[in-house]
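what would the 3D arrangement of this be:
(2 chains)
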Amino acid sequence: MSSEPVFCQRFEISGKDFINAGKASIRIKAILREIGIQPALIRRAAIACYEAEMNVVLYARKGAMELRVTPREIRIQVEDEGDGIPDVELAMQPGYSTASDEIREMGFGAGMGLPNIKNNADTFQIHSVVGRGTALEVAIGLQHG
Amino acid sequence: MKLEAVREILNCRVIAGGDKLDQEIEVGCGADLMSDVLAFIKPNALLLTGLTNVQSVRTANVAEVKAIVYVRGKFPDKDVVALAQEEGIVLLATNLPLYESCGRLYARGLPGGSERAEGLSDVKRAGLLSTL
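Residues are numbered from 1 along each chain as shown, chains lettered A, B, ... in the order given. Next comes the predicted model:
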C-alpha cells in the first residue's frame, strides 16, 4: 500500500517555448517543498526535472512531465514527441552534445543534461525511438528516519 | 563571504535584491553553460556568468544559488530582473571578465565547489593560495 501516490501531477511542455522553459520544474520544486520533502532531495529532483524539461523544449516538438510522490519515492516521468536519440549511450557521455549554436546561446548544450539527470537520480531509465520521441523515468528514494 | 563584500570586490552594480546583501555565500562557480552549473555548483553559491537570459535565474532557483554576478558588463532584460525579484535571487553586474571576477573573489577567500566537496581546510587553502 505504501507505493500509492500521495501526490500526482502532470505538466505539458511545449517545444521551443524558451520563455516558459523551466517553469514546470520550478513548480515541482515548490510542490515538493509544500509536501515537506528534505531540501537536499528537492534539489536533486529539481535539477533532474529542469534538465529533462529543457531537453523537451530544446529538442522536441512537445512533451509532458509527470510527478508522482509516494511515501517511498519521488518519481518523474518525461515523454516527448520529437526526433529521438539515435545513440543513447553516446548521449549519456558527459560533454557529448548535438546542440545547435542557437541552443548554446541559450546557455545549454554543454553535453551534461542526461548525465546530470542520471547523477541526481537513484534509478534512471531512458528509451528513445528515432523519429518518434524519447521517454525517461527517474526515481529518488525518500529516506525514513 | 557576504554579498556586500562581493559587490565591493568586483565593483558591482546591484540589479535586484539590494536589501539582501548581508547574506552569506559559501562557494563560487563561474560558467556560461547552465548544465555545467547544474553539474558542479553547490548550494548557497554565487554564480558568475555571462548568460543574462531568463534561464540564468531559473537555473539559480533550481540549484539553490543565492546570487548571480553578470560579468563582462552584461545586463539582463527587465523580465529577467522581475523574475529574480519574485524569486528572491540577488542580481549583481560587473564590468570585469569572468576569469578576473573569479580570481579576485578566490584570492579574497571565496572557495570553489570542489574544495567544499573535498572539505579542504582553511589552513590547506591558505597554503594553496600562498603559492599563487
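
okay, buried residues for the helix or strand hosting residue A:40 please.
When secondary structure is defined using DSSP states H and E, the element that contains residue A:40 is helix A:39-59. Within helix A:39-59, the residues that qualify as buried by neighbour count (16 or more other Cβ atoms under 10 Å in any protein chain shown) are A:41-59. All C-beta atoms are positioned from the backbone trio N, CA, C, and that covers glycine.

before we move on, what about stretch A:75-92?
Residues of stretch A:75-92 classed as buried under the neighbour-count rule (16+ other Cβ under 10 Å) are A:75, A:76, A:77, A:78, A:79, A:80, A:82, A:83, A:84, A:85, A:91, A:92.

which residues touch residue A:109?
Taking Cβ atoms under 8 Å, 6 or more residues apart in numbering or on different chains as the definition of contact, the neighbours of residue A:109 are A:58, A:97, A:99, A:100, A:103, B:33, B:35.

tell me the secondary structure for the second one?
Following DSSP: H, G, I helix; E, B strand; the rest coil, the label given to residue A:97 is coil.

do I have it right that it meets residue A:115?
No: with the criterion set as Cβ atoms under 8 Å, residue A:97 and residue A:115 do not qualify as a contacting pair; they are 10.9 Å apart.

please tell me how far residue A:94 sits from residue B:30.
Computed as Cβ to Cβ, to the nearest Å, the residue A:94 to residue B:30 distance reads 19 Å.

those two: which has the busier surroundings?
The neighbour count for residue A:94 versus residue B:30, taken as other Cβ atoms under 10 Å in any protein chain shown, is higher for residue B:30 (22 against 17).

residues touching the more buried one, list them.
Under the criterion of Cβ under 8 Å, 6+ apart, the neighbours of residue B:30 are B:47, B:48, B:49, B:71, B:98, B:99, B:101, B:102.

list the buried residues for the least confident helix or strand in chain A by mean pLDDT?
The helix or strand of chain A with the poorest confidence is helix A:101-105; it has a mean of 92 (mean pLDDT, DSSP states H and E). Under the neighbour-count criterion of 16+ other Cβ under 10 Å, helix A:101-105 has residue A:103 buried.

show me what it is in contact with.
So helix A:101-105 is in contact with A:58, A:109, B:33, going by Cβ under 8 Å, 6+ apart.

so how far is residue A:101 from the first one?
The gap separating residue A:58 from residue A:101 is 12 Å, by Cβ to Cβ.

what does the last one give?
Spatial separation of residue B:33 from residue A:101 under the definition Cβ to Cβ is 13 Å.

which residue comes closest to residue B:81 once chain neighbours are left out?
Distances taken as Cβ to Cβ, 6 or more residues apart in numbering or on different chains put residue B:16 closest to residue B:81, at 5.3 Å, once the chain neighbours are dropped.

pLDDT at the one you found, what is it?
Looking at residue B:16, its pLDDT stands at 98.

can you name the residues of chain A that neighbour chain B?
Contact residues, chain A versus chain B (Cβ under 8 Å from any Cβ of the partner chain): A:18-19, A:21-23, A:25-26, A:29, A:39, A:43, A:46-47, A:49-51, A:54, A:94, A:104, A:106-113, A:115-116, A:119.
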